[in-house]
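Trainee: Output the structure for:
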Amino acid sequence: MLALVCAGAVGASALDEEKKKPVPRYTNEDLERVAPYRDETGVNSKPVVAPAAEAPGSPGRVRGEEYWRRESERLRDRLRPLRERAADLRLRIEERRRRPPSRRGGADTQGAAPVAALEQRLRVLEERIRDTESRFEDRARRERALPGWLR
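Mentor: As a prediction, the model looks like this:
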């Protein structure tokens, strides 16, 4: 009986495949037929206004590898205390989770902040770190710094 049910399911899926709409195939004749309209798609269009980074005479836009490596190091130095604080918060959260619950069922006897508050502080700190890094990377990308210069 199980074999009949399985055979019925296979047969039903085969019927579904037959009912499916066929996938269109494009040939070289199709491409040759639409080739005269290629420029109408915007493939060869030119921007009306030049991008700001390419504007002639824009001061301070061309910065080399040494500048970006130095800026990257400065950013790491600025973020180091924040990363250390985040690591300390992670450690405190882990310690709080390992600690057995209080027998009284109320607040902790040591008066430490609840885990949820520590996690919230950690989320805010990590978001601040990510935001600072993202702004720096965006600035570097706009000024055409190579990614390897930021590492």
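
Trainee: only C-alpha atoms for contact and neighbour calcs from this point on.
Mentor: Will do.

Trainee: and the longest helix for this structure?
Mentor: helix 65-98 (DSSP state H).

Trainee: Give me the average confidence score over it.
Mentor: For helix 65-98, mean pLDDT rounds to 93.

Trainee: Repeat that for stretch 36-47.
Mentor: In this model, stretch 36-47 carries a mean pLDDT of 75.

Trainee: And the residue positioned nearest the centre of the chain, how far from P36?
Mentor: In the chain, the C-alpha nearest the mean C-alpha coordinate belongs to S134, at 10.3 Å (Cα atoms, centre = their mean). Distance from S134 to P36, counting by Cα to Cα, to the nearest Å: 44 Å.

Trainee: ok, now A117?
Mentor: With Cα to Cα as the criterion, A117 and P36 are 65 Å apart.

Trainee: List the residues that contact R90.
Mentor: Residues in contact with R90 (Cα atoms under 8 Å, 6 or more residues apart in numbering) are L122.

Trainee: Same check on Y26?
Mentor: Y26 makes no contacts at all, as judged by Cα under 8 Å, 6+ apart.

Trainee: and it, helix, strand or coil?
Mentor: What DSSP: H, G, I helix; E, B strand; the rest coil gives for Y26 is coil.

Trainee: Distance of it relative to I93?
Mentor: Taking Cα to Cα, one finds Y26 at 59 Å from I93.

Trainee: quick one on the thing from earlier: which parts of the longest helix of the chain count as buried, going by neighbours?
Mentor: By 16 or more other Cα atoms under 10 Å, the buried positions in helix 65-98 come out as W68, R69, E71, S72, L79, L82, A86, L89, R92, I93, R96.

Trainee: Show me what the helix or strand just after it is packed up against.
Mentor: Using DSSP states H and E, the helix or strand that follows helix 65-98 in sequence is helix 115-142. Helix 115-142 sits against helix 65-98, with contacts defined as 3 or more Cα pairs under 8 Å, 6 or more residues apart in numbering; DSSP states H and E.
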